[in-house]
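**Q** Could you work out the structure for the sequence below:
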Amino acid sequence: MGPLAFGLTVREELVLRYRWGFITGKKETLKATADQFGLSRERIRQQEKSALRKILGVIYGPIEMPQKPFTFLGFPVENHKG
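**A** Predicted coordinates for the structure are as follows:
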């Protein structure tokens, strides 16, 4: 299956290929990938996460992240939105 079958953008595909070593032959760090694409490390991390979620969603179905209960100083806080 190609990247379009997974719904990846061109950038997401390139970020994954570069970061995981399919272009250079070795896995790259977030910093090296960010420098290559002229983006921040955080943005590369977000792109990678989005792409992996899309791929896994096609393979395993939609993925829902579990919601962690909101706590303050270790105590649950009720009626918190967010």
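**Q** Report the buried residues of stretch 45-65.
**A** Buried residues in stretch 45-65, counted by 16 or more other CB atoms under 10 Å: R45, Q47, E48, S50, A51, K54, I55. Yep, even glycine has a C-beta here, placed from its N, CA and C like the rest.
**Q** which other residues reach the strand or helix carrying the third one?
**A** Pointing back at E48 there. E48 belongs to helix 41-60 when assigned by DSSP states H and E. Here helix 41-60 makes contact (CB atoms under 8 Å, 6 or more residues apart in numbering) with 1, 5-8, 11-13, 15-16, 19, 30-31, 33-34, 37, 39, 63.
**Q** just the buried members of those residues?
**A** Taking 16+ other CB under 10 Å as the criterion, what is buried in those is F6, L8, E12, E13, V15, L16, R19, L30, T33, A34, F37, L39.
**Q** Determine the next helix or strand in the C-terminal direction from the helix holding E48.
**A** From helix 41-60 onward toward the C-terminus, using DSSP H and E, the following helix or strand is strand 71-72.
**Q** residues touching K27, list them.
**A** Per CB under 8 Å, 6+ apart, neighbours of K27: R19, W20, G21.
**Q** Tell me the secondary structure of it, please.
**A** coil (DSSP: H, G, I helix; E, B strand; the rest coil).
**Q** So for it, what's the pLDDT?
**A** Here the pLDDT value assigned to K27 is 95.
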